[in-house]
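Enquirer: Provided below for reference: sequence and predicted model.
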Amino acid sequence: MAKIIAWLIVIFVVLLALRLINLRNARARRAAQAPGGPGKGSEPMVRCVRCGVYLPRGEARTVSGGYACAGECASHA
């Protein structure tokens with residue numbers, strides 16, 4: 001009986017160690033995908049005066065009354 005309990009403890013410790021390693025690797029992958037972190041390097045969002053869609057300010061065109069989407073909205077606004 002003692003051998004069974006010892007093997008169960010060993011299996012539990014190995015599984016716990018594998019889970020911790022997997023968690024550490026997942027955090028490292030997440031950090032590598034977003035090097036700037038949240039909020040760094042992002043542009044403010046503006047709303048198109050014609051269709052109401054929100055888009056980054058760098059992609060919007062300035063028109064009278066605010067911003068517009070590039071393309072059809074910018075020509076009609």
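Expert: Sure thing, it's come through.
Enquirer: Give the residue spans of the chain that score low on pLDDT.
Expert: Low-confidence segments of the chain (pLDDT under 70): 35-41, 74, 76-77.
Enquirer: just checking, what's the longest helix in it?
Expert: helix 2-33 (DSSP state H).
Enquirer: so what secondary structure elements neighbour it?
Expert: Using 3 or more Cβ pairs under 8 Å, 6 or more residues apart in numbering; DSSP states H and E as the contact test, no helix or strand touches helix 2-33. Where C-beta positions appear, they are placed from N, C-alpha and C, glycine not excepted.
Enquirer: Run through who's touching the following helix or strand past that helix.
Expert: Proceeding N to C from helix 2-33, the next assigned helix or strand is strand 45-47, under DSSP states H and E. Contact with strand 45-47 is made by 53, 54, 55, 56, 57, 60, 66, 67, as judged by Cβ atoms under 8 Å, 6 or more residues apart in numbering.
Enquirer: And the furthest pair within these?
Expert: The largest separation in these, counting by Cβ to Cβ, is between 56 and 66 at 14.5 Å.
Enquirer: Tell me which of the contacts of strand 45-47 fall in strands.
Expert: 54, 55, 56, 66, 67 (DSSP state E).
Enquirer: Correct me if wrong: the second one contacts residue 48.
Expert: Yes: using Cβ atoms under 8 Å, residue 55 is in contact with residue 48, at 6.8 Å.
Enquirer: Kind regards, and thank you for your time.
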